[in-house]
Structures are given as structure tokens and as C-alpha cells.
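# Model the following, please.
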Amino acid sequence: MDLPVDEWKSHILQKWFLLPESFRVTICTAETLSDIFLHSSSLLQPEDEIFLKRLSSGYLVRKDPDAPLFYREEGNKKFQEKDYMGATLLYSKGISHSRPNSEDISLCYANRSAALFHLGQYETCLKDILRAQMHGYPERLQPKMMLRKAECLVTLGRLQEASQVISDLESNMAVKQTLAPSQFHILQGTLCRLKMKVQGKENLTESSPSILTNAFEEMNLREENEQISSASSSVGLCTDPLKGRCLIATKDILPGELLVKEDAFVSVLNPGEMPPLHYGLDSKWDTRVAIGDLYCHQCLKHTLATVPCDRCSYAKYCSLECMQQAWERYHSIECSLGGLLLALGVFCHIALRSTLLARFEDAGQVIRKLCDEISNKDISLPKSENLLQTSSYDLGGEIEKNGKTIENPIPGCDINGKYKNNYNAVFNLLPHTKNHTPEHKFLCALSVSALCRQLEAARLQTSLKSSQPEAAAGPAMCQELHVWGVAMLRHMLQLQCNAQAITAIQQTGSKENIITDSRQVRLATGIFPVVSLLNHSCSPNTSVSFVSTVATVRASQPIGKGQEILHCYGPHESRMSVAERQQKLRSQYFFDCNCLACQTEKHVRAAGPPWEAFCCNSCRELMQGDDVLSCGNASCTETVSRDRLVSQLQDLQKQIGMAQKLLRNERAIQLLLGCQRDAASFLSAEHRVVGEIEDGLAQAYAALGDWQKSATHLQKSLQVVEVRHGSSSVEMGHELFKLAQIFFNGFAIPEALSTIQKAEKLLLVHCGPRNDEVQELQEMKSCLLDLPRIPVGPSV
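Below is the predicted model of the structure:
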């Protein structure tokens with residue numbers, strides 16, 4: 001996904017090993033990225049391009065005129081089954097393949113509006129009705145759609161507009177009289193009902209509760225930082241001889257304080273599962289739903305009613321505004337390259353988009369910078385990776401201001417010493433060229449080279465000049481794409497260490513689940529120049545969350561003045577052993593972690609962490625050892641092979657999986673209770689699987705309405721989560737949220753209010769006030785507090 005598809009990787013790897021030794025040495029010993037790109041691109045042959053073109057053509061990204069009818073009919077089947085969500089998503093796929101101003105697109109929009117109406121998405125339904133009309137919805141079908149529009153307006157309390165729609169509809173019916181008598185009478189009856197509804201509502205005091213507030217109003221930084229854009233005044237930027245650039249606290253920081261709120265400089269949506277056509281799907285039109293079908297490709301907003309690009313079927317947006325913005329900034333160039341970009345992977349796509357966005361800054365300065373660094377052979381390989389010695393954006397670490405030459409010691413800052421979210425900062429992120437393997441650099445260079453040849457074939461310079469004269473001046477200045485190719489190669493190498501996964505919390509499990517369960521999913525990959533300044537810790541003091549393309553960094557614990565602000569790159573002490581973390585960080589990020597968590601875990605316990613430990617079947621002490629485990633109790637002689645225990649654990653997990661499919665069946669409880677007994681014979685009480693069993697029992701009892709037993713088991717699961725992640729962790733917040741749901745459903749009011757308070761406190765620290773679970777907790781609390789008090793004695 002991040003890197004090119006496996007077939008292209010295998011093709012390039014084979015090509016690398018078949019190269020003469022002298023060629024490989026030339027690339028391995030190249031001093032600059034420019035040389036690497038030049039030597040590698042000269043080896044890209046026509047047969048390589050043909051092979052890549054074949055891979056790219058397997059992705060259905062162009063509009064297929066036969067697809068809208070197929071998706072509309074499939075959507076109609078879901079609609080008849082009352083699966084309105086499934087119908088909505090299939091109609092959306094039909095819309096994405098339809099040409100603008102065609103009957104196909106108008107019919108798909110109208111059908112989707114009907115499904116959205118049944119889902120209670122009235123505002124979105126109205127937008128789809130308008131879109132259907134804009135694209136020429138047939139006049140013979142208008143009355144039914146106008147009735148739907150009036151229903152939406154009445155439900156939303158927009159009574160004057162509803163009355164006007166009803167009046168217009170009555171006038172049209174009287175004048176045109178195109179309906180059959182039976183249809184006319186049905187329509188007339190519906191109109192009468194709607195008019196009565198309007199009159200009834202007009203007599204009531206109109207109320208329009210605000211369901212959604214501005215997602216960012218409560219996320220603003222208290223005081224903007226004068227040195228670092230998108231950061232609070234509590235944060236300072238400095239350099240360290242060993243760590244390079246880092247962020248430190250300039251004052252004491254409390255848990256939950258917002259430290260960084262940064263919009264991605266660039267982001268690319270994760271395409272999800274998009275198998276090429278030759279991968280053997282039953283139909284050439286895929287009915288499965290991927291992330292790209294649910295989120296705006298520009299702002300990453302979740303949307304059921306996507307608006308597609310007019311020219312391709314892949315790019316989809318939440319609104320016409322996002323579609324136009326994407327077209328002006330980058331999609332006019334990317335549109336014809338959809339299949340190629342999917343084959344070359346997200347990193348290559350981000351590399352291209354970064355250079356396209358660079359055109360909207362000072363294009364002349366960007367080009368001069370690139371050209372100077374290519375000619376000076378210092379674009380990516382400074383003599384030292386020490387950031388204090390790395391050249392700055394403004395031509396080599398020294399800048400001229402007011403006629404005086406001054407030193408700018410921090411790379412990425414402008415002439416005033418400010419670090420901004422711009423291409424300057426992105427360009428100065430380290431590519432770690434020396435650390436990447438020669439094979440990886442060769443793969444990236446050939447991928448970028450193939451992309452550049454496609455851009456050249458599409459006459460990029462001409463299209464850039466015609467679409468955005470000022471911004472497009474860059475490539476024309478260089479007379480070729482070589483400069484942009486080197487920049488894209490730099491970005492591809494940067495991304496391994498500097499890409500940020502943009503995530504969201506999604507609900508999981510079946511519709512029958514009474515208790516909400518959730519998991520973190522990766523929506524997109526982005527570059528956040530300020531967030532990239534955060535160094536890693538396996539036990540960080542911050543939490544990162546996302547709303548659309550905006551990353552928010554909050555303190556997860558008290559941070560003292562002068563203390564470094566730290567972020568976890570993935571390997572966390574609660575998820576991996578110190579050895580696993582060190583290996584992961586060394587292979588991906590090229591450093592040996594020396595954080596406090598790693599220092600304190602130098603001597604790993606023989607039994608391992610309690611959430612992975614086995615216990616003795618005889619005395620319940622923890623088992624210790626490698627291949628053969630022995631009881632930690634000196635007076636117990638019990639031994640067992642690790643393989644046997646692992647096999648036993650795998651069998652247990654299969655049983656748990658079977659039980660989870662039977663949630664509303666008492667058989668699920670019997671299966672899980674059996675799993676509970678089996679687990680007690682060989683797993684520690686805090687083992688993660690013990691927690692899964694207790695969580696499953698909580699779900700099963702909740703499904704049967706036994707809230708008391710459900711709460712008892714979830715509290716046991718909570719103990720396992722606390723041992724593993726800590727009492728102040730975001731994981732504890734999610735688990736307490738589930739417990740609050742149980743108490744709420746069981747009308748255990750004091751317990752519910754107490755648990756809501758604990759969950760809300762933790763989730764506000766880690767996720768902020770706009771988090772979905774925080775919002776639901778506040779609604780539950782409001783509902784409970786509004787309940788009439790039950791009298792406890794005789795009224796006086």
C-alpha cells in the first residue's frame with residue numbers, strides 16, 4: 001500500500017540483481033539523490049514501462065458507461081431488502097461511474113436520496129435531490145422526488161420551503177396532468193397528508209436543536225506560538241547534538257492541554273482493498289466497500305453521499321467545493337494517472353502531490369532551491385546527519401537580512417526563524433538516504449522515473465500553464481521534469497520516517513451488539529511538518545488524534561517546564577517487548593531507542609509481561625523460560641513446552657471466535673464460560689485473552705438484557721486493560737465508555753454517572769471534546785440528569 005504493488009517490486013528487484021556489478025556500484029556510491037535518480041532512470045527500459053502499464057490498467061479508475069445501470073440495479077435490490085445503507089453505497093458507486101449531465105447520474109442521485117431519506121439523513125437527501133435536478137432528472141419522475149423533498153423540509157422544520165414545494169407540485173399536477181388516475185390519487189392523498197403535517201407543525205413552537213457544532217471551535221490553541229506555526233505557546237523548538245530538532249515544554253503543562261493543532265501539508269487517502277481486475281472477482285464491477293467510498297479524498301470527512309470527479313471514477317469528495325479545490329491544487333494532473341498511482345503506492349502518490357502543492361508557494365524560490373542543491377550536490381547527503389550541521393532552506397545555513405549575514409541554525413525555518421507548515425519545512429525533513437538499502441533506493445528512483453515519463457508524455461508543462469499560470473511556472477523554468485523527479489525521490493525516502501498515519505475510531509462488530517466496540521483504522525497517510533518534530537518514546541507523554549486532515553497533539557500526563565514533548569511512533573511498551581520495539585525502530589526509523597521505558601526494561605522478566613504470561617496448572621504461579629517453561633514457585637516442579645501452551649492458546653482463541661458469532665444465543669455464554677475455565681488452567685489472570693473472554697461474556701449477557709452480569713464481566717475485562725495500558729490510558733477510556741453504556745442501559749443511575757465521569761475525563765485528555773465517544777457520554781449524562789427523581793419516602 002505505501003510502497004508499489006508486489007509485482008512491480010519483484011520486477012525491479014529482479015532487474016537490480018541482473019544489473020552488471022559496475023552499474024550497482026555506481027548507484028551505491030552515488031553522492032547525491034540527483035546522481036541516484038539520473039543513473040537509475042537511465043536504466044528504465046520500454047519493457048519496464050509496458051509491464052507497469054499492464055499493472056496500472058488492471059485498476060478500474062476510468063468511468064465505465066455500463067457500470068451505472070449495474071450498480072443502480074444492485075442498489076435497488078438492497079433497497080427492497082430495506083438495507084438502506086448498502087443501497088446508498090451501491091448508488092454512490094453508480095454515481096462515480098456516470099458522466100455529468102446524464103440520465104444515469106440523475107437517476108443514481110435520486111435513488112440515493114430515497115435511501116438517505118430512510119436513513120434519516122434529511123439534509124444530505126435534499127442535496128442529492130438538488131444534484132439529480134442539476135443533472136437533468138427526467139420530468140416524468142419529478143413528482144415523487146418532490147414529495148420526498150417536501151417530507152424532508154417538514155421533518156427539518158423548514159415549513160415555508162415545504163409549503164412552497166407542495167404548492168409548486170399542485171400547480172404542476174393541475175397544468176400537466178401526465179400521471180395515470182391511480183398515481184394521481186395517491187399523489188393527491190400524500191400532498192393532503194403533508195399539508196396537514198405542515199399546519200400541525202406551524203401551531204407548535206418551532207425548535208431546531210443544533211446537532212452538530214463546529215468541529216474545531218473547541219480545538220483552538222489558547223495562544224499561538226510565535227516560533228512554530230500550529231503549536232501552542234507552551235511549546236519550544238530547539239536542537240540537540242544527538243536527537244536533532246525536538247520540541248520542549250516552555251512552561252508546566254497539564255494533562256489534556258492542546259499542544260499542536262496542525263493541518264496536513266499533504267495527505268492521500270488509503271485506497272483500501274482495490275484488487276486489480278485480473279485478480280478474479282466474480283464481476284468486473286466490485287460491490288465491496290473500501291475506505292475510498294466512505295471518506296472525502298480531499299478533506300477526509302466521512303460521508304455517505306460522495307460527489308465524484310467528473311472525469312474519473314476513483315476520486316470522490318464530500319462536496320462540490322472539495323472537488324473543485326482538489327482539481328485546482330493537484331487532481332487536474334493526477335486524474336489521468338489514477339491506475340498508475342495505485343500501482344506505485346501511497347508514498348509515490350504523496351511525493352507527486354507534495355511537489356504539485358509546492359507550486360502554490362514561491363515557485364521561483366522552490367525551483368532555485370532544487371536547482372542549486374542539485375548542482376551543489378548537497379540535496380540529501382550532508383556530511384553529517386546531525387541536524388545542527390544540515391543546511392537550511394535558504395541556501396546553506398546562512399541568510400542575508402537587512403544587509404547582514406546571519407546564521408539560521410534550525411533547518412526548515414524561514415528567514416525570520418519561524419517554522420511553518422509549508423514546503424520549506426517538508427523539504428527539510430531528513431530522507432536518511434544513507435540508511436536506505438540500495439535496492440530500496442533503486443525501486444523508489446525507478447518508480448519516480450516511470451511517473452515522470454508519464455507526466456512528460458501527458459505534456460505536464462502545457463497543462464500546468466493552462467490550469468494555473470502562476471503556480472505552473474516551476475517546471476517550465478527547468479525545461480524538464482528532472483528537478484521535480486529528484487524532489488519526488490527525496491520525498492519518497494523521507495516518508496519512511498516522517499509519514500503520519502491519519503486514523504479514525506470505527507465501530508466494529510455486528511449490528512446486534514448492544515455495547516459499542518471500536519478499533520482504530522488508518523484512513524490516510526499525511527505529512528505534518530510540526531508533528532514530525534516530535535521525537536519518539538515507547539512511553540510517550542502525548543496523545544495524537546485526528547479530525548479530518550487536522551492532527552491534534554494533547555499532553556497525556558503532566559509535562560514539566562524544560563521536559564521534552566514525546567510521541568510514540570508505533571512501538572509502545574504496552575504492545576511490544578523491548579526487543580521487538582528496538583528491532584522495529586531500528587529497521588524503520590534507523591535509531592536505537594534509549595527512552596525511559598527501554599532503559600527500565602533492560603532485564604526482561606523471564607515470564608514476560610503479565611498480559612502474555614502463562615501460569616502453572618498446579619499452583620497458579622507464573623511460568624518462566626524459553627522453549628521449556630518451568631514454574632516460578634521454587635517448591636513446584638511443573639514444566640511444560642512453550643509450543644504446547646501456544647497451541648492450547650490458539651485452540652482457545654478459535655473457541656472464543658465461535659462464541660462471538662452467537663451473541664444473542666445462550667450457547668455463546670456456555671462456550672465462553674468453558675473458555676473461561678480453560679484459560680484459568682494455563683493463562684495468567686491478567687492475560688489479554690482472559691480480558692477478551694470477559695469482554696465477550698459482557699457482550700453476550702448484554703445481548704440478553706442481563707445488565708448486572710454484563711457489568712460484572714466488563715469490570716473484570718477492565719482490570720486486564722488497566723494492567724496492560726495503565727489507569728490513565730486512552731484504552732481505559734474506551735473500556736470505561738463501554739461500561740457506562742451497560743450501566744446506562746441497565747438504569748443503574750449512580751454507577752452510570754460515576755463511570756461516565758471517569759470515561760469522559762480520560763477521553764477528553766487523549767481525544768478532546770469533539771470525540772464521538774465523549775459526545776455520546778455527554779448525551780447519556782444529560783439524559784440521566786433529566787430523569788425525574790424517584791421519591792424515597794412519603795411526600796410531605
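
# which ones are touching residue 253?
Residues counted as contacts of residue 253 (CB atoms under 8 Å, 6 or more residues apart in numbering) are 234, 259, 555, 558-560, 565. All C-beta atoms are positioned from the backbone trio N, CA, C, and that covers glycine.

# Just name the closest of these to residue 123, please.
Nearest to residue 123 among the contacts of residue 253: residue 259, at 34.6 Å, using CB to CB.

# just checking, residue 356 touches residue 332?
No. Judged on CB atoms under 8 Å, residue 356 makes no contact with residue 332 at a distance of 9.2 Å.

# neighbour-wise, which of those two wins?
residue 356 (23 against 18; other CB atoms under 10 Å).

# Leaving aside the residues adjacent along the chain, what's closest to the more buried one?
With sequence-adjacent residues excluded and distances taken as CB to CB, 6 or more residues apart in numbering, residue 356 is closest to residue 330, at 4.4 Å.

# Now do the one you found against residue 162, distance only.
41 Å (CB to CB, to the nearest Å).

# How about residue 90?
Taken as CB to CB, the span from residue 90 to residue 162 is 29 Å.

# These two: which is more packed in?
A count of neighbours by other CB under 10 Å puts residue 90 above the other of residue 90 and residue 162, at 29 against 23.

# Run through the residues that contact the residue lying closest to that one once chain neighbours are set aside.
Distances taken as CB to CB, 6+ apart put residue 75 closest to residue 90, at 3.7 Å, once the chain neighbours are dropped. Each residue near residue 75 by CB under 8 Å, 6+ apart is listed here: 86-88, 90-91, 94, 108, 111-112, 115.

# Now the element after the lowest-mean-pLDDT helix or strand in the chain, going C-ward?
When the helices and strands of the chain are scored by mean pLDDT, DSSP states H and E, helix 473-478 comes last with a mean of 40. As assigned by DSSP states H and E, the chain's next helix or strand after helix 473-478 is helix 482-498.

# mind listing what's buried in that following helix?
Applying a neighbour-count criterion of 16 or more other CB atoms under 10 Å, one finds 482-498 buried in helix 482-498.

# In strands, which of the contacts of residue 253 fall?
Per DSSP state E, strands hold the following members of the contacts of residue 253: 259, 555.

# which pair in the contacts of residue 253 spans the largest distance?
Using CB to CB, those span at most 13.9 Å, a distance reached by 259 and 560.

# between those two, which one's more packed in?
Neighbour totals were compared for residue 259 and residue 560, and residue 259 leads with 24 against 10 (other CB under 10 Å).

# contacting residues for the more buried one?
231-232, 234-235, 247, 253, 542, 553-555, 565.

# Beta-bridge partners for the closest residue to residue 96 other than its chain neighbours, please?
Sequence neighbours aside, residue 308 is the residue nearest to residue 96 in space, at 4.0 Å (criterion: CB to CB, 6+ apart). Beta bridges link residue 308 to residue 316, judged by DSSP bridges.

# doesn't residue 319 make contact with residue 308?
No. If you go by CB under 8 Å, residue 308 and residue 319 don't touch, sitting 11.8 Å apart.

# out of the two, which sits in the busier spot?
residue 308 (23 against 17).

# Next up, the contacts around the more buried one.
Residue 308 neighbours (CB under 8 Å, 6+ apart): 95-96, 98, 315-317, 323.

# Which among those count as buried?
Neighbour counting over the contacts of residue 308 (16+ other CB under 10 Å) leaves 95-96, 98, 315-317, 323 as the buried ones.

# Which of these sits closest to residue 120?
Comparing the buried ones among the contacts of residue 308 against residue 120 with CB to CB places residue 95 closest, at 20.5 Å.

# What pLDDT is listed against the residue most central in space within the chain?
In the chain, the C-alpha nearest the mean C-alpha coordinate belongs to residue 523, at 2.3 Å (CA atoms, centre = their mean). You'll see residue 523 listed with a pLDDT of 93.

# ok, residue 658 to residue 674 distance?
Separation of residue 658 from residue 674 (CB to CB) stands at 11 Å.

# cool, residue 166 as well?
In terms of CB to CB, residue 166 sits 62 Å off from residue 674.

# Look at these two and report which has more neighbours.
Neighbours were counted for residue 166 and for residue 674 using other CB under 10 Å; residue 166 has more, 23 against 14.

# In which helix or strand does the more buried one reside?
helix 159-176.

# just to revisit the earlier point, mind picking the two most distant members of the contacts of residue 259?
Farthest pair in the contacts of residue 259, by CB to CB: 247 and 554, 13.5 Å.

# So if I had to pick from those two, which one is more boxed in?
The residue with more neighbours, out of residue 247 and residue 554, is residue 247; 25 against 22, by other CB under 10 Å.

# wait, that one sits on residue 565?
Yes. With contact defined as CB under 8 Å, residue 247 reaches residue 565; the gap is 4.5 Å.

# Distance check, residue 426 against residue 705.
In terms of CB to CB, residue 426 sits 54 Å off from residue 705.

# Quantify the burial of residue 65 by counting its neighbouring residues.
Number of residues near residue 65 (other CB under 10 Å) recorded here: 11.

# my guess is it is in a strand, correct?
No. Assignment of residue 65 by DSSP: H, G, I helix; E, B strand; the rest coil gives coil, placing it outside any strand.

# can you give me how far whichever strand or helix holds residue 347 is from the chain middle?
Using DSSP H and E, residue 347 maps to helix 346-358. Distance, stretch centre to chain centre, for helix 346-358: 18 Å (CA atoms, centre = their mean, to the nearest Å).
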